[in-house]
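Student: structure here, sequence nowhere to be found:
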């Protein structure tokens, strides 16, 4: 369904789905059809220096369609959801001045929520608690903190990217600081947006999706993922690099795994990430789901929602 809190002829076409499902290709076709620019909602593609591992659009795609929030920020910027919301809405205001449609595409659920609904007003971090959790993260690893989060908030534990230290630590500090589960404090009260929103989900049968993910990892390796990860190695502690495809190679560079094991772990962790993405997006009743190549049905749906 289309969601909007004000009557507007402007439409944000939001394309979501798991990694490797064909979102990027679909978004380019939609952008060309509607003469629209593309705004990324991917929390990793926003950073420079990571085009292969984050599966940024190809040079041809970037040339064919105007893109925003692709390789737009430095690795050290650490763009969080709240900052993304402010910056992306400011960019949309400018884009909608010249366009009736903008295509937003990405698989980062929190970025999509920030853009479409706004973020909850959660308590500011207690610096001493954050420092303590930072020390524990370094000493015990993200797995130990995720286990504590599972005890305090099993609901959020099921949907959070448990390999992402920043998200695990943030949820855990809110639980410890307030004495309540993080998931209970995410009120879901949406903020008004001066444009209509049409949400399109992209999915495939599980075996087909997993095969696409495995083949995409093979292509990333052929394109130079290992060399890209080596270039990123000095920055491995940054939040932007706590990402599938880089973490596994960092362990390989440190001698903790072999090359073949690192490759298999990238494929396995990518499949697990896709599963978590689907769990997240399936909870949104406003998303209408399609195959990535079902353009006619998608265009018909957008047309019906825009009327």
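Tutor: Structure received. Bear in mind the structure is a predicted one, so any value in this text is a computation, not a measurement.

Student: for the chain, what's the longest helix?
Tutor: As assigned by DSSP state H, the longest helix anywhere in the chain is helix 259-281.

Student: just give me how far that helix sits from the chain centre.
Tutor: Here helix 259-281 is found 14 Å from its chain centre; the criterion is C-alpha atoms, centre = their mean, to the nearest Å.

Student: which neighbouring elements make contact with it?
Tutor: Applying 3 or more C-beta pairs under 8 Å, 6 or more residues apart in numbering; DSSP states H and E, one finds that helix 259-281 contacts helix 109-116, helix 154-159, helix 206-223, helix 247-253. From N, CA and C alone the C-beta is placed, and that goes for glycine too.

Student: where in the stretch 201-307 of the chain is pLDDT low?
Tutor: Scanning the stretch 201-307 of the chain for pLDDT under 70 picks out the ranges 307.

Student: 80 instead?
Tutor: 306-307 (pLDDT under 80).

Student: what ranges do the strands span in this protein?
Tutor: Secondary structure of the chain, counting by DSSP state E: strands at 2-3, 11-16, 38-40, 67-68, 101-105, 196-202, 287-290.

Student: quick check: buried residues in the last one?
Tutor: Applying a neighbour-count criterion of 16 or more other C-beta atoms under 10 Å, one finds 287, 288, 290 buried in strand 287-290.

Student: name the nearest residue to the spatially most central residue of the chain, sequence neighbours excluded.
Tutor: Taking C-alpha atoms, centre = their mean, the centroid of the chain lies closest to residue 108, which sits 1.7 Å from it. Of all residues not flanking residue 108 in the chain, residue 43 sits nearest, at 4.0 Å (C-beta to C-beta, 6 or more residues apart in numbering).

Student: would you confirm that that neighbour contacts residue 112?
Tutor: No: applying C-beta atoms under 8 Å as the test, residue 43 and residue 112 come out as separate, 9.9 Å apart.

Student: if we can go back for a sec, so which of the buried residues of strand 287-290 comes closest to residue 95?
Tutor: residue 287 (22.3 Å; C-beta to C-beta).

Student: wait, isn't that closest one in contact with residue 202?
Tutor: No: using C-beta under 8 Å, residue 287 makes no contact with residue 202, being 9.7 Å away.

Student: overlap of the contact sets of those two?
Tutor: Counting by C-beta atoms under 8 Å, 6 or more residues apart in numbering, the common neighbours of residue 287 and residue 202 are residue 16.

Student: just the pLDDT at the nearest residue to residue 51 once chain neighbours are set aside, thanks.
Tutor: Of all residues not flanking residue 51 in the chain, residue 71 sits nearest, at 6.9 Å (C-beta to C-beta, 6+ apart). The per-residue pLDDT reported for residue 71 equals 97.
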